[in-house]
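> sequence and predicted structure are below.
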Amino acid sequence: MEKFKEIIRQYPFLGFIIAFFILMAIPSIFFTDLYQSHLSSLIFINIIVAAGLNIVKGYCGQVTVGHVGLYAVGSYTAGCMFMYLGASLWITLPVAILVTGLFGVAFAIPSFRLEGPYLALATLGGGEAIRLFIENGEFFGSTYGISSISQPELFGITFDTPDKYYYISMPIMLIAIYFSFSVLRSSIGRAFMAVREDPISAAASGINVKKHKMLAFILSAMFAGAAGAVYAHLPPGYIHPNNYTVIEMVTFLAMVVFGGLGHIWGGIIGAVIITIVYDLTRPLYEYQLFIFGLTIVLTILFMPKGIGGFIDKYFIDRRFKKKQGVASK
Amino acid sequence: MLLKTKKLMKAFGGLKAINKVDFELPKNEIRGIIGPNGSGKSTFFNLVSGVYDADPGSYIEFDGHDITNEPPHKVGELGLARTFQLLRLYQDMSVINNVMSGYHTLVPYKFIDAVIGRKKIWDQEKVIKEEMMELLSFVGLADYAEMNASELSGGQRRLLVLARAIAGKPKLLMLDEPAAGLSPVNVDNLMKILMRLKEKYGLTLIIIEHILKVVMDTCSKVTVLDHGEKIAEGTPSQIKDDNAVIEAYLGKKMDDEEMRKALDV
């Protein structure tokens, strides 16, 4: 077991390959109806967004409330490319990632001068502006939305039902997590944290604060773009401006905060839990904003590090005990 | 000369925080900067390290580069490290991460390698971590590596800030009140570490300090600032007897006549 751990630590992507095969097997063993597959795809999409949001908010400490706008940009890039060019996911996904990355630059610029709640307001305005622009634009299908976006094909299989689409969204999610994992574990992740904790002292250590803020915004925008594109092609392939409102933003925030800001796995666990809760509370639509807002407030008050904090604490305690055990022997 | 300033000026509104300071520092020296509160010592640091922009006409040169009004991270990249009076630790990061982020400019791998997560990244990270652990044991914090920086005691925080500043292998290290709030035993310990640092890394140091013992025992030369102006410079023993310095700290020496006038008797 120790040896296995050592190998995984040296070659992290092996862990992701193992996870891939486990997730491949899950539907045939556990799932009983199509809706479970659909929900899993939604969970995977939200995990991608949460992983991206964790980079900019959890690691780099920039309070952005406009992420749903970037998610919308990803979706509508994919949607419009399908509507006007008939492009499939394999083309729209990289284009959506690039376009959303460019929008990320626009979101990063206010962060050079603004901080905390002021930055939140600026990004909130940006996100809402994107949604309203889409809603009022004939080009984007305005309030009709874009419907029957095609599903991708691969090896002669069309992934046009939720149970098949599971096998599209799942690998993309794993790749996204892998990228966020490797970036955040490197010196760049540390630089992000340094910028979050104290920009002045980070700059004194030779960390270019503006560059890293920009990088964090672009990276997280790319994640949101990828998630948006995968969402647009999700069967039945329908996107509407109402899917990108403040409520969605609050759920994204709830995922990251509840899961643990600045904790890679915490954000993912948060995405899983909050997506399921979001789905269960669909009948209580009027109260959803309230529920998730309250979740955020209570999490910040009573467990500021979220679930990730508990995970960390468990491992640190265990390591500490091990050390003590060794010392007493 | 490692560091050179010419006519360094900085005014905040009408207050001249630093007024035409010419400063020269050769390599391998430990220089002390002293002066009463508000004399511009910290402003001097902030100007040199790029936190503040100097007023027009100023000139700062570091290691042959003109660094006047360069942004702080550029100055940091050139090998000028500093600590802050208010420490500015990364509170919510582990001790080892604090130190490793100080190594940022020397990290050998490229961004794209990190994104792909190639194996050599993990190997290099391992090497960096080992090196930084060595540094931590040098200042005596190796046992606390995995703890959060906010869990350390005041004295340990000061040592951690010091370790973070050395992590980037600077040529010049500027310490802003490294011994403030330390007990006498810890002050001695800190002084020992500073002297060993100088030997081990060939560092040049500038120390702002109010505890005169530190300045007198470690510094080979002392610069005295008062009201933004340089009023004296010399060896510690020269400075101790300098009239201008005594005046700045204690006020003017009066003869009997003046005293009588002042007391109105």
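Looks like it arrived, so ask away. In this text the structure is predicted, and so the values were computed from the model without any measurement.
> leaving out the residues flanking it, which one is nearest to whichever residue of the stretch 101-250 of chain A sits closest to chain B?
Closest residue of the stretch 101-250 of chain A to chain B, CB to the nearest CB: residue A:182 (2.9 Å). Where you see a C-beta, it was placed from the backbone N, CA and C, and this is true even at glycine. Spatially, and ignoring its direct neighbours in sequence, residue A:182 is nearest to residue B:117 (2.9 Å; CB to CB, 6 or more residues apart in numbering or on different chains).
> hang on, that neighbour packs against residue A:10?
No: between residue B:117 and residue A:10 there is no contact under CB atoms under 8 Å: 11.4 Å.
> looking at these two, which is more packed in?
Ranked by neighbour count (other CB atoms under 10 Å in any protein chain shown), residue B:117 and residue A:10 place residue B:117 first, with 19 against 12.
> dump the residue contacts of the more buried one.
Residues near residue B:117 by CB atoms under 8 Å, 6 or more residues apart in numbering or on different chains: A:12, A:13, A:178, A:179, A:181, A:182, A:185.
> tell me the pLDDT of residue 56.
All of this refers to chain A. Residue A:56 is assigned 91 on the pLDDT scale.
> nope, chain B please
92.
> what is the neighbour count of it?
Residues near residue B:56, counting by other CB under 10 Å: 8.
> tell me the SS of it?
Following DSSP: H, G, I helix; E, B strand; the rest coil, we place residue B:56 in the coil state.
> repeat that for residue A:195.
Put simply, residue A:195 is helix when judged by three-state DSSP.
> that one: neighbour count?
Using other CB under 10 Å, residue A:195 is surrounded by 28 other residues.
> now for the helix or strand where residue B:166 lies, which elements pack on it?
According to DSSP states H and E, residue B:166 maps onto helix B:154-167. Helices and strands touching helix B:154-167, by 3 or more CB pairs under 8 Å, 6 or more residues apart in numbering or on different chains; DSSP states H and E, are strand B:80-82, helix B:95-102, helix B:119-139, strand B:172-176, helix B:184-201.
> quick one, which of these gets closest to residue A:239.
Smallest distance to residue A:239 across the helices and strands packed on helix B:154-167 (CB to CB): 37.4 Å, for helix B:119-139.
> okay, buried residues for that closest one please.
In terms of neighbour count (16 or more other CB atoms under 10 Å in any protein chain shown), helix B:119-139 has its buried residues at B:121-122, B:124-125, B:128-129, B:131-133, B:135-136, B:138-139.
> quick one: buried residues of the helix or strand where residue A:78 lies?
Under the criterion of DSSP H and E, residue A:78 resides in helix A:67-85. Residues of helix A:67-85 classed as buried: A:67-83 (neighbour count, 16+ other CB under 10 Å).
> tell me which parts of the stretch 101-250 of chain B are close to chain A?
Residues of the stretch 101-250 of chain B lying close to chain A (CB under 8 Å from any CB of the partner chain) are B:101-105, B:107, B:109, B:111, B:114-117, B:119, B:121-122, B:125, B:146, B:164-165, B:167-168.
> quick revisit: show me what the helix holding residue A:78 is packed up against.
For helix A:67-85, the elements it packs on are helix A:34-53, helix A:89-111, helix A:116-135, helix A:209-232, helix A:246-259, judged by 3+ CB pairs under 8 Å, 6+ apart.
> take the ones you listed and write them to a markdown table, including distance to residue B:45, mean pLDDT and mean neighbour count.
Shown next, in a markdown table, are the helices and strands packed on helix A:67-85 (distance: least, CB to CB, whole Å; pLDDT from 0 to 100; neighbours: other CB atoms under 10 Å in any protein chain shown):
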| stretch | distance to residue B:45 | mean pLDDT | mean neighbour count |
| --- | --- | --- | --- |
| helix A:34-53 | 37 | 90 | 24 |
| helix A:89-111 | 27 | 91 | 21 |
| helix A:116-135 | 27 | 89 | 18 |
| helix A:209-232 | 19 | 93 | 26 |
| helix A:246-259 | 37 | 86 | 25 |
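> so the chain: which segments form each domain?
No chain specified, so I'll use chain A. Domain segmentation of chain A under automatic domain parsing yields A:1-30, A:40-328.
> let's do chain B instead
B:1-79+B:170-265, B:93-169.
> residue A:60 is nearest to which of those domains?
So among these, domain B:93-169 is nearest, using CB to CB, at 13.0 Å.
> average pLDDT for that closest one?
Average pLDDT, domain B:93-169: 88.
> how about the residues of chain A near chain B?
Counting by CB under 8 Å from any CB, chain A comes close to chain B at A:9-13, A:178-179, A:181-183, A:185-188, A:190-191, A:193-194, A:196-198, A:200-209, A:262, A:316, A:319.
> out of those residues, which are buried?
The neighbour count (16+ other CB under 10 Å) marks A:12-13, A:178-179, A:181-183, A:185-188, A:190-191, A:193-194, A:196-198, A:201-209, A:262 as buried among these.
> residue 5 in helix, strand or coil?
Using chain A. helix.
> my bad, the chain I had in mind was chain B
strand.
> which residues does it bridge with?
Beta bridges link residue B:5 to residue B:23, residue B:60 when assigned by DSSP bridges.
> contacting residues for it?
Here residue B:5 is in contact with B:21, B:22, B:23, B:24, B:47, B:48, B:58, B:59, B:60, B:61 (criterion: CB under 8 Å, 6+ apart).
> among these, which one lies nearest to chain A?
Nearest to chain A among the contacts of residue B:5 is residue B:48, at 11.1 Å by CB to the nearest CB.
> could you check how far that closest one is from residue A:21?
57 Å (CB to CB, to the nearest Å).
> ok, now residue A:133?
42 Å.
> how many other residues sit next to the nearest residue to residue A:117 once chain neighbours are set aside?
Spatial nearest neighbour of residue A:117, chain neighbours left out: residue A:63 (7.1 Å); criterion: CB to CB, 6+ apart. When counting by other CB under 10 Å, one arrives at 19 neighbours for residue A:63.
> related to what we said a few turns ago, next up, phi/psi of the residue nearest to residue A:182, please.
Note on residue B:117: backbone dihedrals following degrees, to the nearest 10 are phi 70, psi 50.
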